[in-house]
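Asker: I need the structure of the sequence given here:
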Amino acid sequence: MSYGFKRASSVLVNNGGHLFEKNYSLVLRINPKTSSFRRFNSAKTEPEGISYKNITIGVPKETFLNERRVAITPAVTQTLVKKGFKVFVEENAGVLAKFPNSQYEASGATVTQSKNLYSSSDILLKVRPPSIEEIANLKNDSNLISFFYPSQNKELIEELQKKNMTLFAMDCIPRISRAQVFDALSSMANIAGYKAVLEAANNFGRFLTGQITAAGKVPPCKVMVIGGGVAGLSSIGTARNMGAIVRAFDTRSAVKEQVQSMGAEFLEINLKEEGEGQGGYAKEMSKEFIEAEMALFAKQCKEIDILITTALIPGKPAPKLITKQMIESMKPGSVVVDLAAEAGGNIETTRPGELYVYKDVVHIGYTDLPSRLPTQSSTLYANNISKFLLSIGKQDHFHIDLNDEVVRGSIILNRGELMWPPPKVETVVQTDTPKQIKKEEVKKLLTDADYFRKYLKDSLVYTTGLSGLISMSLISPNPAFANMVTTFALSGIVGYHTVWSVTPALHSPLMSVTNAISGITAAGGLLLMGGGYFPSTTAQWLAMSAAFISSINITGGFIITQRMLDMFKRPTDPKEFNYLYGIPALASLGTYGYGITNGFDDTTNLAYLAASLCCVGALGGLSSQPSARLGNALGMIGVSTGLAATLGQLNITNELAAQMGVTLGLGGIIGAIIAKKIPITGKIPIKLYSRKFV
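Answerer: Next up, the predicted model:
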């Protein structure tokens, strides 16, 4: 395909079938004999907007009370300078976030005084909305990007209109897939949820995790999180990592799976009503639903130790979910954290911005939780705001395009003109011209070519795979080679599909039981063992060592798996009768023993098949929490059956049997001792242990 055809294809695809694009001037002709395009001329014009080299960015110090964040960090400053921007940073703007002036200067910024910064900046980047005093210093016809909350700051909008300003609100960026990297609200909510748990733990009088010590047993803390958005999920993850028992509630059914995947219990009521609203927020629920959830909260408040609320409804005060009576029913020393305090709070007794005690319950109503982790907050916010800035325009030019969904949703003022709520997109209808090539013909030509390449690529992949597989017969050393390749291929496919859907919370138990199953390599060691009470050759010593180490891995791996599964166990869970899984284990061993002693030839092969199926079932069982303990039991049955089938086909002396018994028994005891000594919350040591013998 010629370059001219490629270029034409690009323009056609990018313009919905229209040949002409404003950045290109093309003259195309079709050769009817070859059905191809020829390119006679292409002249690229200057992109719209202002070049970054002609723009000065200003980053002032935040003046809002107790605000420690800064709009951009030195790392982001360096990126903007490389793009061509001139960056002015107010003196000490990043000091409270642990970014000194020297770091900004080293990144290419100019550290200056407040007055010079405001008068020189074409684009001002801030965290909080500007005050009336700051607006008075702003340069006319300049641009401002910051959190703004336009429905709450109409007076500030009017003042900015007088200066003919262009204003973008970071809190108004639409929550769509393309804009996730700009979503500063989610970044700050993530930090607020994390910090809420730390503040609660700091004011709670006990451990969050449960412990068994020489001084006595410490029960785990019970935490309830209301709201399963970004802040709620962050709180759930943090509390779970600290060892607490976590419960969560949300009106949106889609949140249930996310909550459960993090190891928390999802609370539900017996009333079906969907709470999904616009922009990923919850909507206001019916009276019946609210009454049912209030009854649920009243019951939970009597049981829990820490309560974290995150419920917000856009454009409205935060819903009151926890009454004064519920707070009074909580245990003395309990802690409540209201992340919706700035919008009025979800808890009736919350005091926005304060920490105080009511009826022996500690109330945390801070409205600046992200600012209490200023370094992390500034880092994430700087990434959000800088990527948003660079998305406004193309080819290193700043240009406001109201047809861009992100720009349209976030722009509040455009050169003094009020653009919020977002303006509608105007659909431009372009009529055909006599000189225009038939779009249907060109589209058909391009589509056929694209499909041909797709089908050709697929056919070549299968051709290579099938031919290569069959061609392996040319290098096959013996008939057993084909059987081994078949086993390897099928086991790879089964293993892939078995492990693919594993719940994230069960990755560690799955890895542990997998390594325990891999200890079935002990079967190879048993086959090669020989001698009397002790091995007599080097090979026999190595075989005994392999069986010994594998037995440590088997016993320790299954015990570690069971202990990790017990971490997910809640006091309200029904009683377990796992010992009943010993029945199929004894049945399989008994059936095998009967068959092998009575001379049935296929008993050993079928026992190996049963062991293999049990091991695959173990991996499948560990893919979800309800079947996880069954999976661990199937793994034990599979390994024991496999080892029994190996021993059953051997003709061994009493001395060799004693050697094997001592080897496997001693290894199992050592594995059990090590597994029992590992702390139950020590995830890294558990993983390292379960890997180290493989």
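Asker: for the stretch 201-350 of the chain, which spans come out with low pLDDT?
Answerer: Applying pLDDT under 70 to the stretch 201-350 of the chain flags the ranges 274-284.
Asker: And the helices in it?
Answerer: Assigned helices in the stretch 201-350 of the chain, in chain order: 230-241, 255-261, 287-301, 324-328 (criterion: DSSP state H, counting those that start in this stretch).
Asker: burial count for Glu46?
Answerer: Using other C-beta atoms under 10 Å, Glu46 is surrounded by 9 other residues. Just so you know, the C-beta spots here come from the backbone N, C-alpha and C atoms, and that holds for glycine as well.
Asker: Return the list of helices and strands in contact with the helix or strand hosting Gly642.
Answerer: Taking DSSP states H and E as the definition, Gly642 sits inside helix 628-648. Secondary-structure packing of helix 628-648 (3 or more C-beta pairs under 8 Å, 6 or more residues apart in numbering; DSSP states H and E): helix 507-518, helix 522-528, helix 538-566, helix 582-597, helix 603-621.
Asker: So which of the ones you listed is nearest Asp458?
Answerer: helix 603-621 (30.2 Å; C-beta to C-beta).
Asker: Pull out the buried positions in that closest one.
Answerer: Neighbour counts over helix 603-621 (16 or more other C-beta atoms under 10 Å) mark 603-604, 607-608, 610-612, 614-621 as buried.
Asker: can you list the residues that contact the helix or strand following the helix holding Gly642?
Answerer: Using DSSP H and E, the helix or strand that follows helix 628-648 towards the C-terminus is helix 654-677. For helix 654-677, contacts defined as C-beta atoms under 8 Å, 6 or more residues apart in numbering pick out 522, 526, 529-535, 544, 547-557, 559-560, 563, 643, 647, 652, 689.
Asker: can you rerun that using 7 Å?
Answerer: The contact list for helix 654-677, computed with C-beta atoms under 7 Å, 6 or more residues apart in numbering, reads 526, 529-534, 544, 547-549, 551-556, 559-560, 689.
Asker: CA atoms only for it, dumped as CSV, please.
Answerer: Provided in CSV are the C-alpha atoms of helix 654-677 (Å, rounded to 0.1, in the frame of the first residue of the first chain):
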residue,chain,number,x,y,z
ASN,A,654,10.4,-53.6,55.9
GLU,A,655,13.7,-51.6,56.4
LEU,A,656,12.9,-49.4,53.4
ALA,A,657,9.4,-48.9,54.6
ALA,A,658,10.7,-47.7,57.9
GLN,A,659,13.1,-45.3,56.1
MET,A,660,10.2,-43.8,54.1
GLY,A,661,8.0,-43.5,57.1
VAL,A,662,10.6,-41.7,59.2
THR,A,663,11.4,-39.4,56.3
LEU,A,664,7.8,-38.4,55.5
GLY,A,665,6.8,-38.3,59.2
LEU,A,666,9.8,-36.1,60.3
GLY,A,667,9.3,-33.8,57.4
GLY,A,668,5.6,-33.4,58.2
ILE,A,669,6.3,-32.6,61.8
ILE,A,670,8.9,-30.0,61.0
GLY,A,671,6.5,-28.4,58.4
ALA,A,672,3.7,-28.3,61.0
ILE,A,673,5.9,-26.7,63.6
ILE,A,674,7.1,-24.0,61.2
ALA,A,675,3.6,-23.3,59.9
LYS,A,676,2.2,-22.9,63.5
LYS,A,677,4.9,-20.5,64.5
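Asker: Quick one: distance of it to the chain centre.
Answerer: Here the centre of helix 654-677 is set off from its chain's centre by 42 Å, with C-alpha atoms, centre = their mean, to the nearest Å.
Asker: what angle separates it from helix 538-566?
Answerer: 30 degrees (axes from the mean of the first three to the mean of the last three C-alpha atoms, to 10 degrees).
Asker: tell me which residues of helix 654-677 are tucked away?
Answerer: Leu656, Gln659, Met660, Thr663, Leu664, Gly667, Gly668, Ile670, Gly671, Ala675.
Asker: Relative to Ala244, how far out is Pro626?
Answerer: According to C-beta to C-beta, to the nearest Å, Pro626 and Ala244 sit 22 Å apart.
Asker: Can you tell me which of the helices of the stretch 201-350 of the chain is packed in deepest?
Answerer: helix 230-241 (a mean of 24; mean count of other C-beta atoms under 10 Å).
Asker: Which elements pack onto that one?
Answerer: Using 3 or more C-beta pairs under 7 Å, 6 or more residues apart in numbering; DSSP states H and E, the elements in contact with helix 230-241 are helix 184-203, strand 222-226, strand 245-249.
Asker: Looking at the ones you listed, which one is packed in the most?
Answerer: Buried most deeply of the helices and strands packed on helix 230-241, by mean count of other C-beta under 10 Å, is strand 222-226, with a mean of 27.
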